[in-house]
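In: structure of the sequence below:
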Amino acid sequence: MAEPPGALVPKAIKAYGIDYAVLSNRDIQGLEQLPFHHRDPFDRLLISHARHKGLVIVSADEEMPKYDVSVLW
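Out: Residues are numbered from 1 along each chain as shown. Model prediction:
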């Protein structure tokens, strides 16, 4: 890369208008209510976060639609 990530990422966020949400305790606690359709801990965290924030998950993962969350793909 032309620049280190610490410099490049903030510039890209600003240039492309990227917005991201910070994980909350509610997202972490939401993991306890999820059934184990999916064993990947990171995907489960994405699912919990999307449920609490009303977000859509963009994924071709066939396990995602088994949860109460909107999935696009």
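
In: buried stuff in stretch 26-46?
Out: Buried positions in stretch 26-46, judged by neighbour count with 16 or more other CB atoms under 10 Å: 27, 30, 34, 38, 43, 44, 45, 46. Just so you know, the C-beta spots here come from the backbone N, C-alpha and C atoms, and that holds for glycine as well.

In: among the residues you listed, which two are most distant?
Out: The span of the buried residues of stretch 26-46, defined through CB to CB, is set by 27 and 38 at 15.4 Å.

In: just checking, next helix/strand downstream of the helix or strand encompassing residue 8?
Out: Using DSSP states H and E, residue 8 sits within helix 5-16. Using DSSP H and E, the helix or strand that follows helix 5-16 towards the C-terminus is helix 25-30.

In: check the offset of that next one from the chain's centre.
Out: Relative to its chain's centre, helix 25-30 lies at 13 Å (CA atoms, centre = their mean, to the nearest Å).

In: can you tell me which residue is spatially central in this structure?
Out: Centroid-nearest residue in the chain: residue 46, 3.5 Å away (criterion: CA atoms, centre = their mean).

In: look up phi and psi at the nearest residue to that residue once chain neighbours are set aside.
Out: The shortest distance from residue 46 to any non-neighbouring residue, by CB to CB, 6 or more residues apart in numbering, is to residue 57 (6.1 Å). Backbone torsions for residue 57, taken as degrees, to the nearest 10, come to phi -90, psi 130.

In: number of nearby residues for residue 57?
Out: 19 (other CB atoms under 10 Å).

In: just use 703 as the starting number from now, easier for me
Out: In the new numbering, first residue 703, that becomes residue 759.

In: is it in a bridge, and if so with what?
Out: residue 773 (DSSP bridges).

In: state the distance from it to residue 717.
Out: Distance, residue 759 to residue 717, using CB to CB, to the nearest Å: 25 Å.

In: next one: residue 744
Out: Residue 744 is 27 Å from residue 717, where distance means CB to CB.

In: what do you get for residue 734?
Out: 38 Å.

In: in what helix or strand does the residue nearest to the centre of the chain lie?
Out: Short version, using DSSP H and E: residue 748 is in helix 743-755.
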